[in-house]
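Student: one predicted model, sequence on top.
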Amino acid sequence: MAEADILDSWGGRLWRRIAQFLTVSVSSLLYRVRVFGKENVPAEGPILVLCNHQSFLDPMFSQSWVRRPFLFVARETLFRGFFGRLIYSLGAIPIRQGQADIRSIRTVIESLKKGRAICLYPEGSRTYDGRIAVIKPGFGLISRRARAPIVPMVIDGAFECWPRTQKRPRLTGRVGVLYGKPISPEHVEQAGDEAFAEELTALLRQMHNELRAKMGRPPLDYSTPVPTDW
């Protein structure tokens, strides 16, 4: 069955609703998830959600009690075996990591033009120390081509639940999620790709410390370089 048929069919929509309810329920129960700014996510129309990447658990937290389903982009090597079939059935879009995958970018843009919500992790890989790395230019192009607003989003606490140095996640923890106000594609176009990437990096870091304050945690220090490799 074609990708569009899977997502748009009655059975496909029902399956995604069930999967969303189960994953959000389980993650909220285990990790006591607190959500802020949910009203900033438009109820309809295309949106590109750009989120920091703390752990493999992030897709569960990214969708926290937001009514409309998000589609995710996952590295191509994950589309194998049972897990690969599972994420494919949920509409995940494969991408070749570490290279400009034009085919995947076109698929993301076409999905946005159909009015869908796509969630991406613009750092490219999980954080090494909990902080947000510098965002590379390129995501503005997707917003401009699809005429899709960008919703900035941050997660805090997932790094402590499952850092990249551990093979398995802890089954307890406290996680916060914050959705920011949408940024119009006109603003992205006016800023330009390089300047917008710098603006987005600063905005996500500011939101991250705002979220940490709401969670009763001290701010992170961004005066030193954020590692992108160990």
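Tutor: Received the coordinates, thanks.
Student: tell me where the chain has helices.
Tutor: All helices of the chain, identified by DSSP state H, fall at 3-8, 10-31, 58-62, 81-89, 102-113, 139-146, 158-161, 185-191, 193-214.
Student: which positions in the fifth one come out as buried?
Tutor: Meaning helix 102-113. 104-105, 107-109, 111-112 (16 or more other CB atoms under 10 Å). To be clear about C-beta, it is placed using only N, CA and C from the backbone, and glycine gets the same treatment.
Student: take those residues and lay them out in CSV including distance to residue 55 and pLDDT.
Tutor: Shown next, in CSV, are the buried residues of helix 102-113 (distance: CB to CB, whole Å; pLDDT from 0 to 100):
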residue, distance to residue 55, pLDDT
104, 22, 91
105, 25, 92
107, 25, 93
108, 22, 94
109, 27, 96
111, 25, 94
112, 26, 96
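Student: re earlier: could you tell me the least trusted of the helices of the chain?
Tutor: Lowest mean pLDDT within these: helix 3-8, a mean of 60.
Student: start to end distance for stretch 209-226?
Tutor: 15 Å (CA to CA, to the nearest Å).
Student: just stretch 172-187 next, same as before
Tutor: Stretch 172-187 has its terminal residues 40 Å apart, counting by CA to CA.
Student: can you check stretch 124-131 too?
Tutor: Stretch 124-131 end-to-end distance (CA to CA) = 14 Å.
Student: could I get the buried residue list for it?
Tutor: Buried, per 16+ other CB under 10 Å, within stretch 124-131: 126-128, 130-131.
Student: for stretch 143-151, same thing?
Tutor: So for stretch 143-151, counting by 16+ other CB under 10 Å, buried means 143-146, 148-151.
Student: let's have the helices of the chain in CSV, adding distance to residue 47.
Tutor: Shown next, in CSV, are the helices of the chain (distance: least, CB to CB, whole Å):
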stretch, distance to residue 47
helix 3-8, 16
helix 10-31, 16
helix 58-62, 12
helix 81-89, 20
helix 102-113, 8
helix 139-146, 9
helix 158-161, 21
helix 185-191, 11
helix 193-214, 15
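Student: which stretch among these comes nearest residue 119?
Tutor: Of all the helices of the chain, helix 58-62 sits nearest to residue 119, with 5.1 Å by CB to CB.
Student: helices or strands up against that closest one?
Tutor: Under the contact criterion of 3 or more CB pairs under 8 Å, 6 or more residues apart in numbering; DSSP states H and E, helix 58-62 touches helix 10-31, strand 47-51, strand 70-75, strand 150-156.
Student: who's in contact with it?
Tutor: Defining contact as CB atoms under 8 Å, 6 or more residues apart in numbering, one finds that helix 58-62 is touched by 23-24, 26-27, 31, 33, 49, 51, 70, 72, 119, 121, 153, 155, 158, 175, 177.
Student: what subset of those residues is buried?
Tutor: Among the contacts of helix 58-62, the ones that count as buried by 16+ other CB under 10 Å are 23-24, 27, 31, 33, 49, 51, 70, 72, 119, 121, 153, 155, 158, 175, 177.
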